[in-house]
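> I'll drop the sequence and a predicted model, then ask my questions.
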Amino acid sequence: MSNLKWRLALIGVLVLASVWALYPRNVKVRQRRADGTFFDTTSYRVPLRKGLDLQGGMHLALEVDDSKGVVANKAEAIDRALKVVRTRIEGLGVSETVIQKAGNDRILVDIPGIDDRERAIKIAQDQAFLEFQITDKTGAFEKALPRLDGIAREKGFGGQVASAAGATTPSASAPLGGLLTTGTDTAKGAATAKSDTTKKNSVQAEKADTATLGAGGPISKLILGGQMPGQFLFERANYDALKLFFESPAATAALPPGKVVRFGSDSTVIGNKTYRSLYLVDERPIITGEYLTDAKPNQSPIEGTIVEFTLNNEGGRRFQRETAKHVRDYMAIVLDKVVMGAPPVINSAIGTRGQITMGGKDLQAAQDLALVLKAGALPVPLRVAEVRNIGPSLGRDSINKALTAGAIAIVLVVVIMLGYYRFSGLLAVGALALYVLYTLAVLAGFDAVLTLPGLAGFVLSIGIAVDANVLIFERIREELDRGKTVRTAIDEGFRHAMSAIIDSNVSTILTAMVLYQFGTGPVKGFAVTLIAGIVASMFTSIFVVRTFFLLWLNRSRGAQTLSI
Amino acid sequence: MLRILHGTKYDFIKPWRIAIGVTVAFIALGMVFLGVHHGLNRSIEFTGGTLVQAEFAKKPDVGELRSTIDAAGFQGAEIQQFGSDTSYTIRAAGHATAGVGKVENTATQIQAALEQKYGKSNVHIARTEIVGPRVGDELSRNAIIAIVISLGVTLLYLAFRFEWRFGVAAVIATAHDLLSTLAFLAIMRLEVSLTVVAALLTVIGYSLNDTIIIFDRVRENLKKARPEPLYDVLNRSINETLPRSILTHVTVAAATLSLLLFAGEVIRPFSWIMLFGIVTGTFSSIYIAGPVLLWIERRWPRTQGKEGPRPGTSKSAPARPTSPRTPVGAR
């Protein structure tokens, strides 16, 4: 009797614990406003985590990109990259993100709720290596042009470019004059904080002598002088060809020592043509982003969207020293080898604060840039190995369908059990209800993620969960056939069925554990659900049903028949 | 009480030659399908590439959809209806050599082409999956490792709990299920995704379950005093567990059917495999595990008498009788 009380108490405690684990509560979630910023809010819901395939979101796998050079210590690099990626993604402010390392060379990122694929990839993958490089003012590019033309001809590369650009070349010299006069408009304010008093006159004076390059070779034909020393313009259509050309080792070698070519981010419309720019800059940056302590997006009426940044004291001192040396030079702000905005002129030494103009980009782009700058540069380039993006509506649809299927499965199982085993079937159904409750509670307790295959596994496990009861009931029937009393038959039935139940369930758990170890994402979720389900089903079908039987035996003292 | 197939005395083992013939034929047919289709229909998780699932406001013309995708430069793309007739998946061929940046562009380009053709408000991209080539290889390897290890672990567990003969028979039966399910996959041309691998492992677990239930009964019957040939013990055990087998299979099949019919397209391959797994699992527990156990018994007989494998915690391996009278030594 007291044994029965203990049993009931244990079941009751577990029910209470389960209800508590599953009780709807306030969960802090972050949501996105229309402009791309985030705010915290609380929502009242059952604390079961839904996987990306159920709530929509994005799964990213990043791996070290060694296509552009061997990475010396991959394992260490990936650890540092993991920290950077984590800071960035967490800064995105989406709740329940998961960032983890997989194997030795891969970072997995799960971002629920995000539906802008490219944005998320950009945030995770941008190397965010910030450099400040002084543009060349020695006319070195012009001097190198004949050599570059030679290389282009040799490779048969230039002809191709020239023919692609053939229509534009003859007219190239014509808009040049126009180019000069519109120059002041296109040099829109990429000024550092203190250099906003850019003297445009001096800019114009300097660029006058760089203007005419047009004659001759396949490369020089395409390139026009820009509005400042070291800047050159070309038609947007030629961007890919030129980029390919300047990335080739031969072209890099032909450049003057200590100088590199960087392409600009902005394009300029002059007349009816769109131009992009390239810059010849000092290879050695005067400072890099490693000294950066803070970055925040802002909007200014004149310059549009900007990112303001702050350097630490050491960086500030260094920046001041270097900029003092380069007064009246132009400073290109280079992010991942791309010149952001138009390089501002340095009017006087600059201290710890500066800004990057984003041109026509919106505030969200500035927010993202600030985020990646603040998190620091990635120690190694990463490439995207895998992207999985699921829209929120598809997730909702999946949940609804899985719930429907689950409900129907439960009804069918209940009908079968009641139809076949009658009263005993009812006990099993009661235990099955507890099974569902316990399993969900275990999942909530372990903070497991419910995935669609997991839900399917759960529905399936409802069918499988009754197996133990079927085994026991069949055994009880056999014992009753042998003429045993009801009480003995029940005892013997449970006892004899035990070894089969344990052996079959343990082997399934072992399989599920292997699955968990070697599976990824949805499959892991499936394995967790399976294990939770088996443990709960063993408890309910053996312990709970036994208790129900004991309870019934006590109530109907001396029952001669059992409805089974 | 309601009883089905109670007290039956079917000779289940007798037609084992026919049964094995049927299953070998089925597996061979599957292999032929594999050969014809150049392997399994693997999802992009394994092959690498790009998959875009697009939901249209109204049913698109498939020819038009194809020409839109072709025009966007993806001639080899597979276009498939996915569930309802307004939902399609577009799978661009594996970019084994292209950089991943390029693969990422594929999704963007397909999306742009669709939005341009059908209007931004009439087409909605519900899902994209982009997988680089390396990930797939690793997944395949991991899946195979997972299956091999789980079989190994099972063998060890059963050798410990029953006896090595039972373990080997159960593992061979399970391997058979794996093969016949692969044949089923090949014949049905189901897409092999990670979820399908999960289903495959569930089938393994389920079939093993079934085999163990029967073997448990065999273990118990062997312990009984009256000596009886293993052939008869097997048959009796299968007959005794028959009501349980039927009832469990029916309830699991009911749950699986409701998944197949109501849980939507994503989970459908999973449900198909599970449904097939119930059939093959039941079949192999009787017609593979049984005959194999008999065969092992003939090859490496246990000594006569009641020294059957002992249940529970008994360390059956050292206790295994290796009598000098045994003609073919147990190595």
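Perfect, I can see it now. Residues are numbered from 1 along each chain as shown, chains lettered A, B, ... in the order given.
> any weak-confidence spans in the chain?
Answering for chain A, as no chain was given. Residues of chain A that meet the criterion pLDDT under 70 lie in A:1, A:27-43, A:68-71, A:93-95, A:115, A:156-216, A:359-360, A:519-523, A:558.
> You answered for a different chain; I wanted chain B.
The low-confidence ranges in chain B, as defined by pLDDT under 70, are B:1, B:93-104, B:303-331.
> tell me the domain ranges of it?
B:16-37+B:136-319, B:49-131 (automatic domain parsing).
> Next, format those as a markdown table and append mean neighbour count and distance to chain A.
For every residue, glycine as well, the C-beta is placed using N, CA and C. Formatted as a markdown table, the domains of chain B follow (neighbours: other Cβ atoms under 10 Å in any protein chain shown; distance: least, Cβ to the nearest Cβ, whole Å):
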| stretch | mean neighbour count | distance to chain A |
| --- | --- | --- |
| domain B:16-37+B:136-319 | 20 | 3 |
| domain B:49-131 | 18 | 4 |
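> Turn those domains into TSV, including distance to residue A:385.
Converted to TSV, the domains of chain B look like this (distance: least, Cβ to Cβ, whole Å):
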stretch	distance to residue A:385
domain B:16-37+B:136-319	9
domain B:49-131	6
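> Over in the stretch 401-550 of chain A, which residue gets nearest chain B? Let me know.
Closest contact between the stretch 401-550 of chain A and chain B, by Cβ to the nearest Cβ, is at residue A:463 (3.3 Å).
> so which of the domains of chain B comes closest to residue A:314?
domain B:49-131 (35.7 Å; Cβ to Cβ).
> from the chain's centre, how far out does the closest one sit?
31 Å (Cα atoms, centre = their mean, to the nearest Å).
> can you list the residues of the stretch 251-400 of chain A near chain B?
A:383-391, A:393-394, A:397-398 (Cβ under 8 Å from any Cβ of the partner chain).
> The residue of the stretch 401-550 of chain A closest to chain B against residue B:250, yeah?
No - contact between residue A:463 and residue B:250 fails when scored by Cβ atoms under 8 Å: they sit 9.1 Å apart.
> quick one: contacts for the spatially most central residue of chain B?
Geometric centre of chain B, nearest residue: residue B:200, 3.2 Å, by Cα atoms, centre = their mean. When contacts are counted by Cβ atoms under 8 Å, 6 or more residues apart in numbering or on different chains, residue B:200 is found next to B:147, B:178, B:181, B:273.
> Give me the subset of these lying in helices.
In this view, these that belong to helices under DSSP state H are B:147, B:178, B:181, B:273.
> of the residues you listed, closest to residue B:214?
Nearest to residue B:214 among those is residue B:178, at 18.9 Å by Cβ to Cβ.
> I figured that closest one hits residue B:147, correct?
Yes - using Cβ under 8 Å, residue B:178 is in contact with residue B:147, at 6.9 Å.
> what's the overlap in contacts for the two?
With Cβ under 8 Å, 6+ apart as the test, residue B:178 and residue B:147 both reach B:200, B:204.
> before we move on, back to that, in the helix or strand the residue of the stretch 401-550 of chain A closest to chain B falls within, what's buried?
Using DSSP states H and E, residue A:463 sits in helix A:452-481. For helix A:452-481, a neighbour-count test (16 or more other Cβ atoms under 10 Å in any protein chain shown) marks A:452-480 as buried.
> Stretch A:395-409 now?
A:395, A:397, A:398, A:399, A:401, A:402, A:405, A:406, A:408, A:409.
> chain center to that stretch: distance?
Averaged C-alpha coordinates place stretch A:395-409 at 28 Å from its chain's average position (Cα atoms, centre = their mean).
> Check stretch A:308-316 too.
When distances are taken as Cα atoms, centre = their mean, stretch A:308-316 is centred 29 Å away from the chain's centroid.
> quick one: furthest residue from the center of chain A?
In chain A, by Cα atoms, centre = their mean, residue A:483 is the one farthest from centre (65.9 Å).
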